[in-house]
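Q: Take this sequence and fold it.
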Amino acid sequence: MKLYLRECRRIAASFVYFLFIAVLIFSWWGKFRGVTKTEIDWANGKTPANVGFDRPLLLEPTEEDDYFGMKTSEDNPEEIMTGVTRALLMEYEDNIYAAYPLPARNYKAVSLSDEEQARVLEILCEITGLTVEQLNNLPQGYFPAVTGTIISTGSADFDEDGNLHMPGREDKAANGNEETDKTKKFISQVTYGHFKELMREMETMIGEEGSQYSTEMMITYFGLSEKNYEEACAEYDQTFKGDKVTGSFARLFCDYMGLSLGLYPIFILVFMWLKDRFDNTTELLYTRRVSSLKLVLTRYLASITMVLIPVILLSFESLMPLVSFGSEHSVSIDLFAYIKYILWWLLPTIMIVSAMGTFFTLLSDSPIAVLLQFLWWVIDKGATGLSGDTQITTLMIRHNTLRGYELVQDTLHVICVNRLLMAGISILFIVLSAWILQQKRKGKINVANLYERFLGTIKNKFSFIHTK
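A: I've put the predicted structure just below:
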(Lines give C-alpha, C1' and ligand atoms only; values in the text may rest on other atoms or scores of the structure.)
Protein backbone atom coordinates (compact mmCIF):
# COMPACT_ATOMS: atom_id res chain seq x y z
CA MET A 1 0.00 0.00 0.00
CA LYS A 2 2.88 2.39 0.79
CA LEU A 3 4.39 1.82 -2.65
CA TYR A 4 0.97 2.40 -4.27
CA LEU A 5 0.39 5.66 -2.41
CA ARG A 6 3.92 6.82 -3.20
CA GLU A 7 3.36 6.20 -6.91
CA CYS A 8 0.06 8.09 -6.75
CA ARG A 9 1.82 11.05 -5.13
CA ARG A 10 4.58 10.96 -7.76
CA ILE A 11 2.02 11.07 -10.55
CA ALA A 12 0.00 13.81 -8.85
CA ALA A 13 3.12 15.99 -8.50
CA SER A 14 4.27 15.54 -12.11
CA PHE A 15 3.90 18.19 -14.82
CA VAL A 16 2.51 15.60 -17.24
CA TYR A 17 -0.38 14.84 -14.92
CA PHE A 18 -1.35 18.51 -14.65
CA LEU A 19 -1.18 18.72 -18.43
CA PHE A 20 -3.40 15.61 -18.69
CA ILE A 21 -5.99 17.19 -16.39
CA ALA A 22 -5.91 20.43 -18.38
CA VAL A 23 -6.51 18.60 -21.68
CA LEU A 24 -9.27 16.49 -20.13
CA ILE A 25 -11.07 19.54 -18.73
CA PHE A 26 -10.66 21.42 -22.01
CA SER A 27 -12.24 18.53 -23.91
CA TRP A 28 -15.07 18.16 -21.39
CA TRP A 29 -15.71 21.91 -21.30
CA GLY A 30 -16.06 22.21 -25.06
CA LYS A 31 -18.17 19.10 -25.65
CA PHE A 32 -20.25 18.07 -22.65
CA ARG A 33 -20.35 20.84 -20.07
CA GLY A 34 -23.84 22.36 -19.83
CA VAL A 35 -25.61 19.62 -21.79
CA THR A 36 -27.52 18.36 -18.77
CA LYS A 37 -28.61 21.80 -17.59
CA THR A 38 -29.75 22.67 -21.12
CA GLU A 39 -31.96 19.57 -21.29
CA ILE A 40 -33.45 20.26 -17.85
CA ASP A 41 -34.16 23.88 -18.75
CA TRP A 42 -35.76 22.75 -22.01
CA ALA A 43 -38.03 20.35 -20.14
CA ASN A 44 -39.01 23.25 -17.87
CA GLY A 45 -40.03 25.39 -20.83
CA LYS A 46 -36.82 27.29 -21.65
CA THR A 47 -36.06 26.56 -25.30
CA PRO A 48 -32.30 26.36 -26.08
CA ALA A 49 -30.71 28.38 -28.86
CA ASN A 50 -29.92 25.32 -31.01
CA VAL A 51 -33.01 23.15 -31.08
CA GLY A 52 -32.28 21.05 -34.15
CA PHE A 53 -34.75 18.25 -34.88
CA ASP A 54 -35.11 16.93 -31.33
CA ARG A 55 -37.74 17.46 -28.68
CA PRO A 56 -37.12 17.78 -24.90
CA LEU A 57 -35.82 14.42 -23.70
CA LEU A 58 -37.11 14.91 -20.15
CA LEU A 59 -40.58 16.23 -21.05
CA GLU A 60 -43.45 13.75 -21.26
CA PRO A 61 -45.20 13.94 -24.67
CA THR A 62 -48.93 14.55 -24.95
CA GLU A 63 -51.32 13.86 -27.80
CA GLU A 64 -51.86 17.61 -28.22
CA ASP A 65 -48.19 18.21 -29.10
CA ASP A 66 -47.51 19.46 -32.63
CA TYR A 67 -44.15 17.74 -32.89
CA PHE A 68 -42.73 14.51 -31.45
CA GLY A 69 -39.15 14.64 -32.70
CA MET A 70 -37.38 12.92 -35.56
CA LYS A 71 -36.10 9.41 -36.16
CA THR A 72 -33.63 7.97 -38.64
CA SER A 73 -34.81 5.00 -40.64
CA GLU A 74 -35.30 3.62 -44.14
CA ASP A 75 -39.08 3.60 -43.73
CA ASN A 76 -39.62 6.44 -46.22
CA PRO A 77 -37.48 5.82 -49.33
CA GLU A 78 -39.16 8.67 -51.21
CA GLU A 79 -37.79 11.22 -48.76
CA ILE A 80 -34.36 9.61 -48.90
CA MET A 81 -34.31 9.78 -52.70
CA THR A 82 -35.48 13.39 -52.57
CA GLY A 83 -32.69 14.44 -50.21
CA VAL A 84 -29.93 12.49 -51.94
CA THR A 85 -30.96 13.77 -55.39
CA ARG A 86 -30.94 17.32 -54.10
CA ALA A 87 -27.47 16.85 -52.59
CA LEU A 88 -26.23 15.23 -55.79
CA LEU A 89 -27.49 18.14 -57.89
CA MET A 90 -25.78 20.65 -55.59
CA GLU A 91 -22.47 18.79 -55.72
CA TYR A 92 -22.74 18.30 -59.48
CA GLU A 93 -23.17 22.03 -60.05
CA ASP A 94 -20.01 22.80 -58.06
CA ASN A 95 -18.16 19.63 -59.13
CA ILE A 96 -17.14 19.19 -55.51
CA TYR A 97 -18.15 15.89 -53.95
CA ALA A 98 -17.66 15.55 -50.20
CA ALA A 99 -16.03 12.41 -48.82
CA TYR A 100 -14.71 11.39 -45.42
CA PRO A 101 -12.17 8.63 -46.07
CA LEU A 102 -10.48 6.45 -43.48
CA PRO A 103 -8.55 6.47 -41.25
CA ALA A 104 -9.17 9.95 -39.88
CA ARG A 105 -12.54 10.63 -41.56
CA ASN A 106 -11.33 14.13 -42.45
CA TYR A 107 -13.20 16.04 -45.12
CA LYS A 108 -11.92 15.56 -48.65
CA ALA A 109 -13.26 17.38 -51.70
CA VAL A 110 -13.30 15.25 -54.85
CA SER A 111 -13.68 16.70 -58.35
CA LEU A 112 -14.72 14.48 -61.25
CA SER A 113 -13.55 14.47 -64.85
CA ASP A 114 -15.68 15.85 -67.70
CA GLU A 115 -16.70 12.32 -68.70
CA GLU A 116 -17.71 11.48 -65.14
CA GLN A 117 -19.61 14.74 -64.80
CA ALA A 118 -21.51 13.88 -67.97
CA ARG A 119 -22.44 10.53 -66.42
CA VAL A 120 -23.64 12.27 -63.23
CA LEU A 121 -25.86 14.47 -65.38
CA GLU A 122 -27.30 11.36 -67.04
CA ILE A 123 -28.04 9.90 -63.62
CA LEU A 124 -29.81 13.08 -62.52
CA CYS A 125 -31.90 13.12 -65.66
CA GLU A 126 -32.81 9.47 -65.21
CA ILE A 127 -33.85 9.96 -61.59
CA THR A 128 -35.86 13.14 -62.14
CA GLY A 129 -37.20 12.35 -65.61
CA LEU A 130 -36.23 15.90 -66.67
CA THR A 131 -34.17 17.18 -69.57
CA VAL A 132 -30.88 19.00 -69.09
CA GLU A 133 -32.61 22.31 -69.80
CA GLN A 134 -35.30 21.59 -67.22
CA LEU A 135 -32.66 20.66 -64.63
CA ASN A 136 -30.95 23.98 -65.23
CA ASN A 137 -34.21 25.88 -64.68
CA LEU A 138 -35.91 24.20 -61.74
CA PRO A 139 -38.91 26.10 -60.39
CA GLN A 140 -38.95 27.44 -56.84
CA GLY A 141 -40.23 24.83 -54.44
CA TYR A 142 -39.11 21.90 -56.60
CA PHE A 143 -37.45 20.46 -53.49
CA PRO A 144 -39.07 20.77 -50.03
CA ALA A 145 -37.84 23.46 -47.65
CA VAL A 146 -36.50 20.75 -45.34
CA THR A 147 -34.87 17.74 -46.93
CA GLY A 148 -33.13 15.58 -44.36
CA THR A 149 -30.20 17.67 -43.15
CA ILE A 150 -30.60 20.29 -45.93
CA ILE A 151 -32.71 23.32 -45.03
CA SER A 152 -33.70 26.11 -47.41
CA THR A 153 -33.91 29.04 -45.01
CA GLY A 154 -35.50 31.21 -47.67
CA SER A 155 -38.60 29.05 -47.96
CA ALA A 156 -38.67 27.30 -44.57
CA ASP A 157 -41.36 28.19 -42.05
CA PHE A 158 -40.00 29.80 -38.88
CA ASP A 159 -42.10 30.89 -35.91
CA GLU A 160 -41.87 34.25 -34.09
CA ASP A 161 -39.10 32.89 -31.82
CA GLY A 162 -36.98 31.89 -34.79
CA ASN A 163 -37.61 28.16 -34.40
CA LEU A 164 -38.03 26.00 -37.48
CA HIS A 165 -41.61 24.79 -37.91
CA MET A 166 -41.81 21.10 -38.76
CA PRO A 167 -44.90 20.14 -40.78
CA GLY A 168 -47.45 18.26 -38.76
CA ARG A 169 -49.95 15.61 -39.79
CA GLU A 170 -52.41 18.15 -41.19
CA ASP A 171 -49.76 19.72 -43.44
CA LYS A 172 -48.69 16.32 -44.69
CA ALA A 173 -52.23 15.24 -45.38
CA ALA A 174 -52.87 18.42 -47.34
CA ASN A 175 -49.74 17.93 -49.38
CA GLY A 176 -50.68 14.35 -50.04
CA ASN A 177 -53.94 15.44 -51.69
CA GLU A 178 -52.22 17.76 -54.15
CA GLU A 179 -51.70 16.66 -57.71
CA THR A 180 -48.01 16.45 -58.45
CA ASP A 181 -46.09 17.26 -61.62
CA LYS A 182 -42.54 15.98 -62.01
CA THR A 183 -41.50 19.30 -63.59
CA LYS A 184 -42.79 21.30 -60.60
CA LYS A 185 -42.02 19.02 -57.67
CA PHE A 186 -39.45 16.24 -57.35
CA ILE A 187 -40.87 12.78 -57.99
CA SER A 188 -38.40 9.96 -58.43
CA GLN A 189 -38.77 8.22 -61.78
CA VAL A 190 -36.82 5.16 -60.63
CA THR A 191 -37.45 2.56 -57.94
CA TYR A 192 -35.60 2.75 -54.65
CA GLY A 193 -33.67 -0.41 -55.51
CA HIS A 194 -32.43 1.02 -58.80
CA PHE A 195 -31.74 4.35 -57.09
CA LYS A 196 -29.33 2.61 -54.70
CA GLU A 197 -27.60 0.96 -57.67
CA LEU A 198 -27.08 4.39 -59.24
CA MET A 199 -25.69 5.71 -55.96
CA ARG A 200 -23.25 2.80 -55.75
CA GLU A 201 -22.05 3.92 -59.18
CA MET A 202 -21.59 7.40 -57.73
CA GLU A 203 -19.49 5.94 -54.91
CA THR A 204 -17.29 4.22 -57.47
CA MET A 205 -16.78 7.43 -59.44
CA ILE A 206 -15.94 9.43 -56.33
CA GLY A 207 -13.53 6.69 -55.31
CA GLU A 208 -13.45 7.55 -51.61
CA GLU A 209 -15.13 6.21 -48.48
CA GLY A 210 -17.71 8.22 -46.58
CA SER A 211 -19.59 10.00 -49.35
CA GLN A 212 -23.28 10.82 -49.04
CA TYR A 213 -24.17 8.10 -51.51
CA SER A 214 -23.47 4.98 -49.49
CA THR A 215 -26.67 3.38 -48.18
CA GLU A 216 -25.59 4.01 -44.59
CA MET A 217 -24.92 7.71 -45.17
CA MET A 218 -28.06 8.18 -47.24
CA ILE A 219 -30.14 6.95 -44.33
CA THR A 220 -28.13 8.98 -41.80
CA TYR A 221 -28.44 12.25 -43.70
CA PHE A 222 -31.82 11.89 -45.34
CA GLY A 223 -33.70 9.07 -43.60
CA LEU A 224 -35.29 11.51 -41.19
CA SER A 225 -38.98 11.16 -40.49
CA GLU A 226 -41.20 12.45 -37.72
CA LYS A 227 -42.02 10.20 -34.80
CA ASN A 228 -45.60 9.63 -33.82
CA TYR A 229 -47.06 9.96 -30.36
CA GLU A 230 -46.61 6.29 -29.52
CA GLU A 231 -42.93 6.35 -30.53
CA ALA A 232 -42.33 9.51 -28.49
CA CYS A 233 -43.96 7.85 -25.46
CA ALA A 234 -41.80 4.75 -25.93
CA GLU A 235 -38.66 6.92 -25.97
CA TYR A 236 -39.82 8.76 -22.85
CA ASP A 237 -40.42 5.45 -21.05
CA GLN A 238 -36.96 4.24 -22.06
CA THR A 239 -35.43 7.39 -20.63
CA PHE A 240 -37.24 7.22 -17.30
CA LYS A 241 -37.69 3.49 -16.80
CA GLY A 242 -34.87 1.85 -18.74
CA ASP A 243 -32.22 4.52 -18.20
CA LYS A 244 -33.51 5.91 -14.89
CA VAL A 245 -32.87 9.37 -16.43
CA THR A 246 -29.14 9.42 -15.65
CA GLY A 247 -28.21 6.59 -18.01
CA SER A 248 -28.69 8.72 -21.12
CA PHE A 249 -26.40 11.45 -19.86
CA ALA A 250 -23.84 9.00 -18.48
CA ARG A 251 -23.45 7.40 -21.92
CA LEU A 252 -22.95 10.73 -23.64
CA PHE A 253 -20.48 11.76 -20.95
CA CYS A 254 -18.51 8.55 -21.48
CA ASP A 255 -18.61 9.03 -25.25
CA TYR A 256 -16.89 12.40 -25.02
CA MET A 257 -14.51 11.37 -22.25
CA GLY A 258 -13.59 8.20 -24.13
CA LEU A 259 -12.10 10.23 -26.98
CA SER A 260 -9.59 11.75 -24.56
CA LEU A 261 -8.99 8.59 -22.55
CA GLY A 262 -8.21 6.64 -25.71
CA LEU A 263 -4.91 8.52 -26.00
CA TYR A 264 -3.82 10.87 -23.22
CA PRO A 265 -3.34 8.42 -20.28
CA ILE A 266 -0.42 6.86 -22.12
CA PHE A 267 1.68 9.98 -21.55
CA ILE A 268 1.53 9.44 -17.78
CA LEU A 269 2.96 5.91 -17.89
CA VAL A 270 5.57 6.72 -20.52
CA PHE A 271 6.72 9.73 -18.54
CA MET A 272 6.91 7.84 -15.23
CA TRP A 273 9.04 5.02 -16.65
CA LEU A 274 11.33 7.29 -18.65
CA LYS A 275 11.70 9.64 -15.70
CA ASP A 276 13.56 6.87 -13.85
CA ARG A 277 16.17 6.93 -16.62
CA PHE A 278 16.38 10.72 -16.79
CA ASP A 279 16.81 10.94 -13.00
CA ASN A 280 19.42 8.13 -13.05
CA THR A 281 17.34 6.08 -10.61
CA THR A 282 16.99 3.01 -12.84
CA GLU A 283 19.79 1.09 -11.13
CA LEU A 284 18.33 1.88 -7.71
CA LEU A 285 14.94 0.71 -8.97
CA TYR A 286 16.43 -2.55 -10.20
CA THR A 287 18.09 -3.35 -6.85
CA ARG A 288 14.95 -3.00 -4.76
CA ARG A 289 13.65 -6.13 -3.09
CA VAL A 290 10.14 -5.58 -4.37
CA SER A 291 9.23 -8.01 -7.14
CA SER A 292 9.04 -6.85 -10.75
CA LEU A 293 5.37 -7.83 -10.97
CA LYS A 294 4.50 -5.83 -7.87
CA LEU A 295 6.44 -2.82 -9.11
CA VAL A 296 4.83 -2.83 -12.56
CA LEU A 297 1.36 -3.58 -11.23
CA THR A 298 1.55 -0.92 -8.52
CA ARG A 299 2.59 1.81 -10.94
CA TYR A 300 -0.04 0.64 -13.42
CA LEU A 301 -2.85 0.71 -10.83
CA ALA A 302 -1.68 4.07 -9.50
CA SER A 303 -1.84 5.60 -12.97
CA ILE A 304 -5.34 4.21 -13.58
CA THR A 305 -6.49 5.58 -10.23
CA MET A 306 -5.13 9.04 -10.97
CA VAL A 307 -6.81 9.03 -14.39
CA LEU A 308 -10.18 7.99 -12.97
CA ILE A 309 -10.27 10.61 -10.21
CA PRO A 310 -10.76 13.69 -12.47
CA VAL A 311 -13.16 11.76 -14.71
CA ILE A 312 -15.38 10.90 -11.76
CA LEU A 313 -15.21 14.44 -10.41
CA LEU A 314 -16.24 15.92 -13.77
CA SER A 315 -19.29 13.64 -13.87
CA PHE A 316 -20.77 15.45 -10.85
CA GLU A 317 -21.43 18.53 -13.01
CA SER A 318 -24.07 16.45 -14.78
CA LEU A 319 -25.18 14.21 -11.93
CA MET A 320 -26.08 16.90 -9.38
CA PRO A 321 -28.62 18.76 -11.60
CA LEU A 322 -30.24 15.41 -12.41
CA VAL A 323 -30.52 14.62 -8.70
CA SER A 324 -32.29 17.95 -8.18
CA PHE A 325 -34.53 17.29 -11.20
CA GLY A 326 -35.51 13.89 -9.84
CA SER A 327 -36.28 15.35 -6.44
CA GLU A 328 -38.39 18.20 -7.86
CA HIS A 329 -40.43 15.91 -10.13
CA SER A 330 -40.56 12.90 -7.76
CA VAL A 331 -38.72 10.78 -10.32
CA SER A 332 -36.54 7.83 -9.41
CA ILE A 333 -33.03 8.17 -10.86
CA ASP A 334 -29.98 5.92 -10.83
CA LEU A 335 -27.46 7.69 -8.59
CA PHE A 336 -24.69 5.28 -9.57
CA ALA A 337 -25.19 5.38 -13.35
CA TYR A 338 -22.08 7.47 -13.96
CA ILE A 339 -19.86 5.29 -11.79
CA LYS A 340 -21.18 2.14 -13.46
CA TYR A 341 -20.68 3.45 -16.98
CA ILE A 342 -17.23 4.83 -16.16
CA LEU A 343 -16.12 1.48 -14.76
CA TRP A 344 -17.41 -0.81 -17.51
CA TRP A 345 -17.39 1.63 -20.45
CA LEU A 346 -14.23 3.72 -19.89
CA LEU A 347 -12.06 1.67 -17.53
CA PRO A 348 -11.12 -1.01 -20.12
CA THR A 349 -10.01 1.78 -22.48
CA ILE A 350 -7.85 3.31 -19.77
CA MET A 351 -6.47 -0.14 -18.94
CA ILE A 352 -5.39 -1.00 -22.49
CA VAL A 353 -3.89 2.44 -23.14
CA SER A 354 -1.93 2.37 -19.87
CA ALA A 355 -0.82 -1.23 -20.41
CA MET A 356 0.51 -0.42 -23.89
CA GLY A 357 2.38 2.53 -22.46
CA THR A 358 3.99 0.32 -19.83
CA PHE A 359 4.88 -2.54 -22.16
CA PHE A 360 6.40 -0.64 -25.07
CA THR A 361 8.25 1.81 -22.84
CA LEU A 362 9.90 -0.98 -20.87
CA LEU A 363 10.59 -2.89 -24.06
CA SER A 364 12.22 -0.02 -25.93
CA ASP A 365 13.29 2.50 -23.26
CA SER A 366 11.79 5.11 -25.58
CA PRO A 367 8.49 6.98 -26.02
CA ILE A 368 7.56 4.89 -29.09
CA ALA A 369 4.41 3.79 -27.22
CA VAL A 370 2.99 7.29 -27.73
CA LEU A 371 3.35 7.01 -31.51
CA LEU A 372 1.82 3.53 -31.62
CA GLN A 373 -1.13 4.57 -29.46
CA PHE A 374 -1.67 7.71 -31.51
CA LEU A 375 -1.89 5.65 -34.70
CA TRP A 376 -4.41 3.26 -33.09
CA TRP A 377 -6.40 6.21 -31.74
CA VAL A 378 -6.62 7.92 -35.15
CA ILE A 379 -7.59 4.72 -36.96
CA ASP A 380 -10.18 3.75 -34.34
CA LYS A 381 -11.66 7.24 -34.24
CA GLY A 382 -12.08 7.27 -38.01
CA ALA A 383 -13.34 3.72 -38.40
CA THR A 384 -15.96 3.75 -35.63
CA GLY A 385 -19.37 5.32 -36.21
CA LEU A 386 -20.84 7.79 -33.75
CA SER A 387 -23.19 5.20 -32.25
CA GLY A 388 -24.15 1.55 -32.60
CA ASP A 389 -20.93 0.64 -34.42
CA THR A 390 -18.99 -1.31 -31.80
CA GLN A 391 -16.70 -4.05 -33.09
CA ILE A 392 -14.76 -6.65 -31.12
CA THR A 393 -11.52 -4.66 -31.44
CA THR A 394 -12.97 -1.16 -30.99
CA LEU A 395 -10.84 0.95 -28.65
CA MET A 396 -13.35 3.71 -27.87
CA ILE A 397 -17.03 2.82 -27.56
CA ARG A 398 -19.08 5.58 -29.21
CA HIS A 399 -22.63 6.68 -28.45
CA ASN A 400 -22.82 10.34 -29.39
CA THR A 401 -26.48 10.94 -28.52
CA LEU A 402 -28.71 11.23 -25.47
CA ARG A 403 -31.14 8.93 -27.22
CA GLY A 404 -30.69 5.51 -28.78
CA TYR A 405 -31.08 3.36 -25.65
CA GLU A 406 -32.11 0.50 -27.92
CA LEU A 407 -28.82 0.72 -29.87
CA VAL A 408 -26.88 -0.08 -26.72
CA GLN A 409 -29.21 -2.91 -25.78
CA ASP A 410 -29.03 -4.43 -29.27
CA THR A 411 -25.23 -4.48 -29.24
CA LEU A 412 -24.73 -5.04 -25.51
CA HIS A 413 -23.25 -8.51 -26.00
CA VAL A 414 -20.67 -7.16 -28.46
CA ILE A 415 -19.81 -4.28 -26.12
CA CYS A 416 -19.34 -6.68 -23.21
CA VAL A 417 -17.09 -9.00 -25.24
CA ASN A 418 -15.13 -5.97 -26.45
CA ARG A 419 -14.62 -4.60 -22.95
CA LEU A 420 -13.59 -8.00 -21.58
CA LEU A 421 -11.16 -8.44 -24.47
CA MET A 422 -9.57 -5.03 -23.85
CA ALA A 423 -9.23 -5.82 -20.15
CA GLY A 424 -7.77 -9.26 -20.91
CA ILE A 425 -5.19 -7.90 -23.35
CA SER A 426 -4.27 -5.27 -20.77
CA ILE A 427 -3.55 -7.92 -18.16
CA LEU A 428 -1.42 -9.83 -20.69
CA PHE A 429 0.59 -6.70 -21.47
CA ILE A 430 1.19 -6.07 -17.77
CA VAL A 431 2.40 -9.64 -17.19
CA LEU A 432 4.77 -9.33 -20.17
CA SER A 433 5.92 -5.95 -18.89
CA ALA A 434 6.78 -7.47 -15.51
CA TRP A 435 8.73 -10.24 -17.26
CA ILE A 436 10.70 -7.71 -19.33
CA LEU A 437 11.54 -5.69 -16.22
CA GLN A 438 12.63 -8.86 -14.42
CA GLN A 439 14.97 -9.77 -17.30
CA LYS A 440 16.43 -6.28 -17.22
CA ARG A 441 17.05 -6.51 -13.50
CA LYS A 442 18.90 -9.78 -14.06
CA GLY A 443 20.95 -8.21 -16.83
CA LYS A 444 19.62 -10.57 -19.49
CA ILE A 445 18.11 -7.73 -21.55
CA ASN A 446 20.12 -4.64 -22.37
CA VAL A 447 18.18 -2.34 -24.65
CA ALA A 448 21.23 -0.16 -25.35
CA ASN A 449 23.19 -3.16 -26.61
CA LEU A 450 20.26 -4.30 -28.73
CA TYR A 451 20.08 -0.86 -30.34
CA GLU A 452 23.82 -0.93 -31.03
CA ARG A 453 23.59 -4.37 -32.61
CA PHE A 454 20.61 -3.35 -34.71
CA LEU A 455 22.27 -0.15 -35.92
CA GLY A 456 25.52 -2.00 -36.50
CA THR A 457 23.76 -4.59 -38.67
CA ILE A 458 22.14 -1.87 -40.76
CA LYS A 459 25.45 -0.03 -41.08
CA ASN A 460 27.25 -3.19 -42.25
CA LYS A 461 24.59 -3.89 -44.86
CA PHE A 462 24.81 -0.37 -46.26
CA SER A 463 28.61 -0.59 -46.27
CA PHE A 464 28.46 -3.88 -48.18
CA ILE A 465 26.08 -2.39 -50.75
CA HIS A 466 28.29 0.67 -51.15
CA THR A 467 31.57 -1.29 -51.60
CA LYS A 468 29.89 -3.69 -53.98
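Q: The chain: strands as residue ranges?
A: Counting by DSSP state E, the chain has strands at residues 70-72, 97-99, 108-110, 146-147, 150-151, 224-226.
Q: Any chance of CSV for these, columns mean neighbour count, distance to residue 362 and mean pLDDT?
A: (Each C-beta comes from the backbone N, C-alpha and C, glycine too.) Below are those laid out as CSV (neighbours: other Cβ atoms under 10 Å; distance: least, Cβ to Cβ, whole Å; pLDDT from 0 to 100):
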stretch, mean neighbour count, distance to residue 362, mean pLDDT
strand 70-72, 16, 46, 81
strand 97-99, 20, 41, 89
strand 108-110, 15, 39, 88
strand 146-147, 20, 56, 66
strand 150-151, 14, 53, 57
strand 224-226, 18, 51, 79
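Q: Those: which one's closest to residue 203?
A: Smallest distance to residue 203 across these (Cβ to Cβ): 9.2 Å, for strand 97-99.
Q: Would you give the sheet partners of the closest one, along with the direction of each?
A: Applying DSSP bridges, strand 97-99 is found paired with strand 108-110 (antiparallel).
Q: which parts of stretch 73-87 are buried?
A: 77, 79-87 (16 or more other Cβ atoms under 10 Å).
Q: Please narrow the residues you listed to those residing in helices.
A: 77, 79-87 (DSSP state H).
Q: Which member of those residues is positioned nearest residue 129?
A: So of those, ranked by how close each gets to residue 129 (Cβ to Cβ), first place is residue 85, at 11.2 Å.
Q: Once you drop chain neighbours, what's closest to that closest one?
A: residue 127 (5.5 Å; Cβ to Cβ, 6 or more residues apart in numbering).
Q: Isn't that neighbour up against residue 191?
A: No: here residue 127 lies out of contact with residue 191, judged by Cβ atoms under 8 Å, at a distance of 10.7 Å.
Q: out of the two, which sits in the more crowded spot?
A: Under the neighbour definition other Cβ atoms under 10 Å, residue 127 and residue 191 were set side by side, and residue 127 has more, 22 against 11.
Q: mind checking pLDDT for the more buried one?
A: pLDDT recorded at residue 127 is 94.
Q: List the residues that contact it.
A: Residue 127 sits next to 81, 85, 188-190, 195, 198 when contact means Cβ atoms under 8 Å, 6 or more residues apart in numbering.
Q: One more: residue 264?
A: Listed by Cβ under 8 Å, 6+ apart, the contact partners of residue 264 are 20, 23-24.
Q: Can you say which of those residues are buried?
A: Judged by 16+ other Cβ under 10 Å, buried ones among the contacts of residue 264: 20, 24.
Q: So which of the contacts of residue 264 sit within helices?
A: 20, 23-24.
Q: pLDDT added to these, as TSV?
A: Output for the ones in helices among the contacts of residue 264, formatted as TSV (pLDDT from 0 to 100):
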residue	pLDDT
20	96
23	96
24	96
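Q: nearest to residue 70, of these?
A: Among the ones in helices among the contacts of residue 264, residue 24 lies closest to residue 70 (Cβ to Cβ), at 32.5 Å.
Q: any idea how far that closest one lies from residue 271?
A: Taking Cβ to Cβ, to the nearest Å as the measure, residue 24 falls 16 Å from residue 271.
Q: ok, now residue 227?
A: 50 Å.
Q: try residue 354
A: On the measure of Cβ to Cβ, residue 354 and residue 271 end up 12 Å apart.
Q: neighbour-wise, which of the two wins?
A: Taking neighbours as other Cβ under 10 Å, residue 354 and residue 271 compare with residue 354 leading, 27 against 22.
Q: low-scoring stretches of this structure, by residue?
A: Residues of the chain meeting the criterion pLDDT under 70: 51-53, 102-105, 146-180, 280-288, 445-468.
Q: For the longest helix anywhere in it, name the packing helices and strands.
A: Using DSSP H, we find that the single longest helix of the chain is helix 292-328. Other helices and strands packing on helix 292-328, by 3 or more Cβ pairs under 8 Å, 6 or more residues apart in numbering; DSSP states H and E, are helix 2-12, helix 15-31, helix 35-43, helix 246-261, helix 265-278, helix 337-341, helix 347-364, helix 412-441.
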